[in-house]
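Engineer: Quick one, structure for this:
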Amino acid sequence: MFTVGTLYTNCYVVGCTENREALIIDPGFEMDIEAKTVLKEIDQRKLRVRYIVNTHGHSDHTSGNGIMKRLTGAPILIHEYDVPMLTDSTKNLSMLFGLRTAPMPPADRTLHDGDIIQVGDIALKVLHTPGHSRGSISLLGADTVFTGDTLFAGSIGRTDLPDSSYKEIMLSLKKLGTLPDHIKVYPGHGPTSTIGEEKRHNPFLQNLSTSPDTF
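Structural biologist: Numbers count the residues shown, from 1 in each chain. As a prediction, the model looks like this:
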């Protein structure tokens with residue numbers, strides 16, 4: 001895990017120790033030195049990056065797509081609903097938050113609920129978890145889940161942004177809440193947690209028994 005950018009985004013490198021294949025999740029770099037730090041770690045571990053995966057299209061999670069694709073040759077993967085955000089500085093909120101507005105490359109492959117992203121012996125299942133954005137996803141592994149800006153330790157992602165929905169994020173939390181308690185949560189911002197910890201202490205997950213009609 002690397003914390004990058006002015007909004008302290010968590011960027012993850014997930015690699016297989018057997019065949020050295022890897023993927024990068026949410027390269028929200030705003031400076032080339034951040035990208036070089038991540039690439040240095042990748043080189044030291046002798047990893048080969050197969051994919052660049054965005055949990056959603058906001059620029060604090062995607063602004064490093066261009067440099068990572070240029071330096072690794074890996075394709076960019078994002079949910080189909082957030083594809084337009086990659087190339088539109090209004091939709092990806094970079095203009096709104098004064099973030100890096102350099103042109104970003106388009107998606108190479110679109111993701112859908114239930115897709116499997118495979119690197120070596122690591123399989124990550126795509127869970128469509130909208131709410132923070134229409135195309136937000138989480139990535140579920142054997143004992144981990146990367147939740148982007150859907151679920152944080154003790155909180156959830158913002159739902160007051162364009163294309164956000166409180167009702168949808170609560171339904172997405174209901175989906176995540178069905179995962180086993182031991183599953184470790186790697187969020188888009190802030191510290192890691194577990195599903196069990198969030199069920200016990202996150203006020204938003206504690207309200208999951210509420211009917212969706214009342215959200």
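Engineer: so Ser165 makes contact with Gly157?
Structural biologist: No: if you go by CB atoms under 8 Å, Ser165 and Gly157 don't touch, sitting 11.0 Å apart. (C-beta placed from N, C-alpha, C; glycine too.)
Engineer: Spatially nearest residue to Pro180, not counting backbone neighbours?
Structural biologist: Nearest non-adjacent residue to Pro180, counting by CB to CB, 6 or more residues apart in numbering: Ile195, 6.6 Å away.
Engineer: Quickly note the distance from that neighbour to Leu77.
Structural biologist: Relative to Leu77, Ile195 is positioned 24 Å away (criterion: CB to CB, to the nearest Å).
Engineer: did I read that right, Pro84 in a strand?
Structural biologist: No: secondary structure of Pro84 (DSSP: H, G, I helix; E, B strand; the rest coil): helix, not part of a strand.
Engineer: what sits against it?
Structural biologist: Contacts for Pro84 (CB atoms under 8 Å, 6 or more residues apart in numbering) come out as 57, 91.
Engineer: can you point me to the longest helix in this protein?
Structural biologist: Scanning the chain for the longest helix, with DSSP state H as the assignment, gives helix 32-44.
Engineer: Now find how far off-centre that helix is within its chain.
Structural biologist: 19 Å (CA atoms, centre = their mean, to the nearest Å).
Engineer: now swap in stretch 197-207 and tell me
Structural biologist: When C-alpha coordinates are averaged (CA atoms, centre = their mean), stretch 197-207 and its chain have centres 21 Å apart.
Engineer: Same check on stretch 194-201?
Structural biologist: The chain centroid and the centroid of stretch 194-201 are separated by 19 Å under CA atoms, centre = their mean.
Engineer: circling back: would you mark the buried spots in the longest helix of the chain?
Structural biologist: 34-35, 38-39, 42 (16 or more other CB atoms under 10 Å).
Engineer: Residues in contact with it: which ones?
Structural biologist: By CB under 8 Å, 6+ apart, helix 32-44 touches 2, 4-5, 11, 13, 15, 22, 24, 27, 29, 49, 64, 67-68, 71-72.
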